[in-house]
Structures are given as C-alpha cells and as structure tokens.
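Asker: Predicted model and sequence below, questions to follow.
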Amino acid sequence: MNLLTITPSQVRSRLLLRDEMALLDLRHEAAYATGHPLFAANMAVGRIALEAETRLPRKDAPIVVYDDGEGLVAEAARHFAALGYSDIRELEGGLEAWRNAGFEIFIDVNSYAKAFGELVESRRHTPSLSAEEVAKLLSNKADIRIFDVRRPDEYTTMNIPGSVSVPGAELVLRAGHVAPDSETTIVVNCAGRTRSIIGAQSLINAGIANKVVALRNGTMGWTLANQTLEHRADRRGGIGQFEGAKDKAREVAYRAGVRHLNPHEAAVLEADTTRTLYRFDVRPVEDYAAGHLKGFRHYPGGQLVQEIDMAAPVRGARILLTDDRGVRADMTASWLAQMAFEVYVIEGGYDDALEIGPPQILPKPDPSHRYRRPYEGTEASRDAMQAYFDWEYGLVEQLRRDGTHGFFVI
C-alpha cells in the first residue's frame, strides 16, 4: 500500500494554522512516553481496531502516522483503510526526521495538558503551599479543607489524611457544601501538579470567597516530604454551590471564548460533516448512566482536561460539552478553549428522551505496554518522582521553544 507522505515542516505548519489533523504515534505507550511531538497522540498499531472509531469520529479527517523505525506504518494504514478512513499520510522519515529538523520532543504522557498547567501557574501565579506547610496547618487544627481532585479510584488508593474527594470539574459545584464557611482555606491536591493547579485556579477564576491554594506537587510531594498517606478513604463532597457559582462559571467560560448553543443550534453543529466534532458528557459516571444525551461520550471534566490528547486526538477539532447543571461544562469548556480548541456548551435537552446505561469503556492495553506514571499506586520510587517534577518545571520553556501550542490564559 503506497501512502502519501507529509514532511515534519508541513505538519508543523498545519499545527500553527490550527488545521484539523490527528498526528498519531503508533508505538506502545511505554515507547511513546520516551519522546514524541507535543501534539502527537498515542494509538498503538495493535489498538487501532479497538480505538479508532471512538477517538477519530470523522473518517475523512486528516491523519498522520509515524513510528521510530519499527516498521509499523504499513500495518496501521491497512487497519485504517479497513475501517473506512480515507486521508492517511505517513510522516516522512518518522520520529527521527522530526528530531533532525530540530523540532521539540516531549516525554511522558498527556504532555501538552501538563505543559498547559505549568503555563497557567506561570502566568496566573496560582498560589500554593508545600507539603510541610499543609502538614503544619493540619497539626495545628487550622480551618482548612483539602479537596482531592483526582478520579475517585485514585483517591481511594491513597490520599492526604482528612481530604475529601471532589473531582476537578465538580469543584465549583460542590465547594459550598464541603467548605461552607468563606473563612475556611481550601487546599487543592492531585497526585502531582497539573490537576492541583487547574483545580485551584478554577475556584479562583470562578470567584469563590475562600482563600484557595494548591498543594505543591500533590501526593508525590507529600511522600517526598515524608508525610503519611491515608488509604481506602471514601469521603465524597456533596453538591452545594457557593453564592453566584453558576453565573460566575458561565462568565469564566465567556471570557475564554466558549459559545453556548440550544439543542436546535447544536443539531446544526452536529450536521456539519466537514469538521470533526467531539461530544462529551462531563458529569460523574453515575449521572451519565442514569440518563444522557444520545451520542455523547462520558468523560468527567477534570480528567478530560488532563487527558485531552487521549480523548480528542484530532487537533483543531470542535468540542461540544453537556452537563445538566451547566457549571461543570462551563468550567471544563473554559480550560479547553484556553488550550486552543473551538468549544461549545449545549444548554438543555434533558427534557427529551435520554439514553440510559453505563458508558463505553475501551479495553485497557497489556500492562507490559503501558507507561508506568510516577504518581500511580503506592510503590513509585522517590527518584522517579523527583525526576518527574524536574521535567514539569521545564515545560514552560519547552513550550516557548516549540511554538506550536496556541495556548492562552485568561
């Protein structure tokens, strides 16, 4: 099968122009994490049949594939052709040509979301406290509440003692219940840095009256400071908005350039077959299972921001979000817009017939093919954690050198 090729410079031009393109790394995730272009998404060749139609909804969207000399491109092209994809090109010279052109190589996974988080902290000076400072506040019984913004399963595995699970997109919706007194200091944590920064800045952007800080370096920083973690906790933050939260969340989305559509306007957007459209329901899984709009994929908002390369690998695509309460969609949309996506929020539609049932879950890859994140589980080495932070601290400068991101920070 003879594939058309595209040069690294042409790929870079498409990224700068924000043209639609999925740049796909065909290696296993563990190899992908050793180095890739900023906006390259991982889709291992052996998983194309499982993932492509979910992650690449428009079959004539431009797709560029590459490997690092492993000879995976021809097999990938056959898989895509069998599924009906029509615009597949090979990155001429593969990853080595990208390196030789002098273009930036980013390590790890979810790299551009993590780089964006570092950019937010750099530009907004998101306040933070060290693990030692937070531990001292706890020991002094200070008036603080710790919000853990990770997935509930991550929280259950290990958490800061006394913290409450409030996944990222739920913060503005639930902060008023977890910390009803505006004099209470809110500490936001994740496993590392990105979700802590985005979570703390979400509450600040939405105008909560409480003092808000991120726990610097999350549970990994807590571990490096020789603090004790709690295990198997099940504390969940209930719904309770702070005063004006819904209107303030909408204002944040407006400032980021998010547009709101009614169901009829959304139908026009969905009917446009010339652009890729991703549709995500950003509520918790139990809400989604109880009833959701047809055609919307479940992806909790906080994880969607963190894993946008996995969820929406077509750079330059449109994104349409739904949430029956509005707040979660607005806050999620505000971040995706700042990451240079064209983002919309659909208003209403829940009075019509809804689909009921759990979300589609893609099968997990073989553990031997996965990249082991330094913040996963409880057995990561201290050296790996520190090396991870050293990498994250350099991401803002690497973004500047790369120059393709198009991010802005409100």
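Answerer: Thanks, I have it. Residues are numbered from 1 along each chain as shown.
Asker: Spit out the contact partners of L304.
Answerer: A169, F280, V282, A311, T332, L336 (Cβ atoms under 8 Å, 6 or more residues apart in numbering). The C-beta positions use only the backbone N, C-alpha and C, and glycine is treated the same way.
Asker: if we go to 7 Å?
Answerer: F280, V282, A311, T332 (Cβ atoms under 7 Å, 6 or more residues apart in numbering).
Asker: quick one: which of those has the most company?
Answerer: Ranked by the number of neighbours (other Cβ atoms under 10 Å), the contacts of L304 place T332 first, at 30 neighbours.
Asker: From L229, how far out is it?
Answerer: 28 Å (Cβ to Cβ, to the nearest Å).
Asker: With L23 instead?
Answerer: 38 Å.
Asker: The two: which has the busier surroundings?
Answerer: Legend: neighbour count by other Cβ under 10 Å for L23 and L229, higher for L23 (25 against 15).
Asker: Would you mind giving the secondary structure of that one?
Answerer: Secondary structure assignment for L23 (DSSP: H, G, I helix; E, B strand; the rest coil): strand.
Asker: shouldn't it be in contact with V64?
Answerer: Yes. When contacts are counted by Cβ atoms under 7 Å, L23 is listed as touching V64 (4.9 Å).
Asker: which neighbours do these two share?
Answerer: Common neighbours of L23 and V64 (Cβ under 7 Å, 6+ apart) are V11.
Asker: S13 and F103, how far apart?
Answerer: With Cβ to Cβ as the criterion, S13 and F103 are 12 Å apart.
Asker: Those two: which is more packed in?
Answerer: Taking other Cβ under 10 Å, S13 and F103 do not tie; F103 has more neighbours (18 against 13).
Asker: What sits closest to the more buried one if chain neighbours are left out?
Answerer: Nearest non-adjacent residue to F103, counting by Cβ to Cβ, 6 or more residues apart in numbering: P8, 6.0 Å away.
Asker: show me what contacts the spatially most central residue of the chain?
Answerer: Geometric centre of the chain, nearest residue: Q306, 2.0 Å, by Cα atoms, centre = their mean. Residues near Q306 by Cβ under 7 Å, 6+ apart: N110, A113, T194, R195.
Asker: Not counting sequence-adjacent ones, nearest residue to it?
Answerer: Distances taken as Cβ to Cβ, 6+ apart put A113 closest to Q306, at 5.3 Å, once the chain neighbours are dropped.
Asker: And for G257?
Answerer: Per Cβ to Cβ, 6+ apart, closest to G257 is A337, 5.0 Å.
Asker: what does E270 give?
Answerer: Closest to E270 by Cβ to Cβ, 6+ apart is L277, at 6.2 Å.
Asker: What count of nearby residues applies to that neighbour?
Answerer: The burial count for L277: 21, using other Cβ under 10 Å.
Asker: shouldn't it be in contact with A267?
Answerer: No. Counting by Cβ under 7 Å, L277 stays clear of A267, with 11.4 Å between them.
Asker: Model confidence at the residue nearest to E270, what's the number?
Answerer: Looking at L277, its pLDDT is 98.
Asker: Tell me how far it lies from L56.
Answerer: 12 Å.
Asker: now M385
Answerer: 34 Å.
Asker: what's the helix or strand for V268?
Answerer: helix 263-271 (DSSP states H and E).
Asker: and the longest helix along the chain, what's its mean pLDDT?
Answerer: Assignment by DSSP state H gives helix 111-124 as the longest helix of the chain. Regarding helix 111-124, the rounded mean pLDDT is 98.
Asker: rewinding a little: list the contacts for the residue nearest to F103?
Answerer: Contacts of P8 by Cβ under 7 Å, 6+ apart are L91, A97, W98, A101, F103.
Asker: how many neighbours does the fourth one have?
Answerer: Using other Cβ under 10 Å, the number of residues around A101 comes to 13.
Asker: Quickly note the distance from it to R315.
Answerer: Distance from A101 to R315, by Cβ to Cβ: 18 Å.
Asker: cool, and F39?
Answerer: For F39, the distance to R315 - Cβ to Cβ - is 5 Å.
Asker: which residues are common contacts for these two?
Answerer: L15.
Asker: who's more crowded, these two?
Answerer: R315 (26 against 23).
Asker: isn't that one right next to L24, touching?
Answerer: No. Judged on Cβ under 7 Å, R315 makes no contact with L24 at a distance of 11.0 Å.
Asker: What is the helix holding V268 packed up against?
Answerer: Applying 3 or more Cβ pairs under 7 Å, 6 or more residues apart in numbering; DSSP states H and E, we find helix 263-271 packed against strand 318-322, strand 342-346.
Asker: 8 Å instead?
Answerer: Applying 3 or more Cβ pairs under 8 Å, 6 or more residues apart in numbering; DSSP states H and E, one finds that helix 263-271 contacts strand 277-281, strand 318-322, strand 342-346.
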